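In: Provide a 3D model corresponding to the input given below.
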Amino acid sequence: KFPEDSLQITISGADMSPRNTSWSAISSVLKMAGTNPEANRFIEARVFFEKDTILMGSIITDLEVGLVNTITLALVPLMGVVKFSIPVDLENSLDIQRGALEVSFDNEIVELSLKGEVPNFYFDPVIVPLGREIQVQTKFYNSVNQLIFEAQDQKTLSPETPSLLIELQSLLSYFDLKVQLEAVPEIAGVVKLPLSKLREPNRKGDLLFTELMIKPGKTGNDHKWVEIYNGSLDTLLLDNCKISKSRTGAESVDYLLGLRINPGQFVVLGKDSVPFADYYYQDLELVGTRQSLVLYCDNTVIDSIHYYTTADSLNPFPNPTSTPSNNGKSIQVPLRHFASRLDGSVWCAGNELIDMGEWQMWGSPGADANCED
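Out: Purely as a prediction, here's the structure:
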């Protein structure tokens, strides 16, 4: 979805005045009834981000009388939207408190301050031209206002170069900035912080249960799923991890073979009936009454949760089956409440629509929960 009036359509011809309209969703069908039918109609489309044209395309075509004319118009990117995210571990062990980013190109300089909170720091998006050199400078400070990381680099972005890698040097070590140009085009910047390594989970809190779908609105075990989050600075390998239904491990199911989770990443585990799952399990069953889930890695309990669907004072968790209107909603916890996640009152029912075709569910699989405090 684009903001209202971000897509402008112009139709013109030798025998008609230019006709302008707009559409808020580029993927929708734009219906323009009453356009004069003739040959050689010039159609131009522009997509705006703020005041800049970031996509543009045009075509000359014939409009036939009495027919619905279906026209496919390819849009060419002119600008890129650069988005920088800096995922840190939930404890913010690097003590990043403040940051600044400067992006310059042509005669323009954009200066931004670090926003967000642990574990999701970010800079506001920056519009940059494609095919021309840009300069990037960044600095990060700790809680005593000490400069801990700084870097600068020059890069040229273009649709033909879909990914870039900028190596950022800190005062202590190095971290990498990966910039990826997507078709929109939106450029995603990811900062890999110092001290990050590849390892197996070995301490409590490395991984967290953050969302469960136990009542998807359909009978049986299909369409149920579990979401886990990597709250560490490291990329975690889950080959020796399993999900159990008890803290003794007696009812263990499904080793998570081949699963790798990047720092700050959400991963959805589900059966093959869940189209958005990142990993498909076979034996795990999420019952709709009460159940414990324990995540073991090499016999170490990494995280656990117990839920039940009896609505009373002893159950502060949201009850997805208490009313028909709640059926099909997940239970989820925002990362800002990770320290108190065992308190069910900080969890909430899913509230973002998931279109499954034949029916609908509500939740936020693969993303942080949106709960109103």
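In: ok, residues contacting stretch 212-219?
Out: Under the criterion C-beta atoms under 8 Å, 6 or more residues apart in numbering, residues 222-227, 270, 286-288, 291, 293, 305, 307, 309, 320-321, 326-332, 350, 359-361, 363, 365 lie in contact with stretch 212-219. The way it works is simple: take the backbone N, C-alpha and C, and place the C-beta from them, glycine included.
In: tell me the buried residues within these.
Out: 223-227, 270, 286, 288, 291, 293, 305, 307, 309, 320-321, 326-332, 350, 361, 363, 365 (16 or more other C-beta atoms under 10 Å).
In: so which of these belong to strands?
Out: 225-227, 270, 291, 293, 305, 307, 331-332, 361 (DSSP state E).
In: residue 62: which of these is nearest?
Out: residue 361 (44.8 Å; C-beta to C-beta).
In: ok, now which ones touch that closest one?
Out: The neighbours of residue 361, taking C-beta under 8 Å, 6+ apart as the test, are 213, 216-217, 223, 328-330, 350, 353-354.
In: same question for residue 88.
Out: 94, 96, 118-119, 121, 193, 233, 264.
In: with secondary structure and pLDDT added, can I get these in CSV?
Out: Below are those laid out as CSV (DSSP: H, G, I helix; E, B strand; the rest coil; pLDDT from 0 to 100):
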residue, secondary structure, pLDDT
94, coil, 81
96, coil, 88
118, coil, 84
119, coil, 83
121, strand, 86
193, coil, 62
233, coil, 87
264, coil, 89
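In: closest one to residue 151 out of those, please.
Out: Of all the contacts of residue 88, residue 151 sits closest to residue 193, with 12.3 Å by C-beta to C-beta.
In: for stretch 210-220, measure first residue to last.
Out: The separation between the terminal residues of stretch 210-220, taken as C-alpha to C-alpha, to the nearest Å, is 23 Å.
In: hey, where'd the strands end up in the stretch 1-150 of the chain?
Out: 7-13, 16-23, 41-49, 52-61, 76-77, 79-87, 98-105, 108-113, 115-117, 120-129, 133-141, 147-156 (DSSP state E, counting those that start in this stretch).
In: buried deepest among the ones you listed, which one?
Out: Sort those by mean neighbour count, taking mean count of other C-beta atoms under 10 Å, and strand 79-87 sits at the top with a mean of 21.
In: tell me what it is packed against?
Out: strand 52-61, strand 98-105, strand 120-129, strand 174-181, strand 186-192 (3 or more C-beta pairs under 8 Å, 6 or more residues apart in numbering; DSSP states H and E).
In: now that strand against strand 41-49, angle please.
Out: Calculated by axes from the mean of the first three to the mean of the last three C-alpha atoms, to 10 degrees, strand 79-87 forms an angle of 30 degrees with strand 41-49.
In: quickly run through the sheet partners of strand 79-87, with directions.
Out: strand 120-129 (antiparallel), strand 186-192 (parallel) (DSSP bridges).
In: hmm, who's touching the longest one?
Out: I take that to be strand 120-129. 49-50, 52, 54, 78-88, 96, 99, 101, 103, 105-106, 110, 112-116, 134, 157, 187, 264, 335, 368.
In: rewinding a little: list only those of the contacts of residue 88 flagged as buried.
Out: With neighbours counted by 16+ other C-beta under 10 Å, the contacts of residue 88 contain buried members at 94, 96, 118-119, 121, 193, 233, 264.
In: distance of the nearest residue to residue 138 once chain neighbours are set aside relative to residue 92?
Out: Spatial nearest neighbour of residue 138, excluding adjacent residues (C-beta to C-beta, 6 or more residues apart in numbering): residue 101 at 4.9 Å. Distance, residue 101 to residue 92, by C-beta to C-beta, to the nearest Å: 19 Å.
In: with residue 332 instead?
Out: 22 Å.
In: go on, residue 207?
Out: In terms of C-beta to C-beta, residue 207 sits 18 Å off from residue 92.
In: neighbour count winner among these two?
Out: Remark: of residue 207 and residue 92, residue 207 carries more neighbours, 23 against 16, as counted by other C-beta atoms under 10 Å.
In: tell me the contacts of that one?
Out: 201, 228-231, 236, 241, 261, 295, 297, 302-303 are the contacts of residue 207 under C-beta under 8 Å, 6+ apart.
In: repeat the analysis, applying 7 Å as the threshold.
Out: Listed by C-beta atoms under 7 Å, 6 or more residues apart in numbering, the contact set of residue 207 reads 201, 228-231, 236, 295, 302-303.
In: same deal with residue 268?
Out: By C-beta under 7 Å, 6+ apart, the neighbours of residue 268 are 225, 227, 276-278, 365-366.
In: now do residue 298
Out: By C-beta under 7 Å, 6+ apart, the contact set of residue 298 is 200, 240.
In: and residue 118, by the same measure?
Out: So residue 118 contacts 88, 90, 92 (C-beta under 7 Å, 6+ apart).
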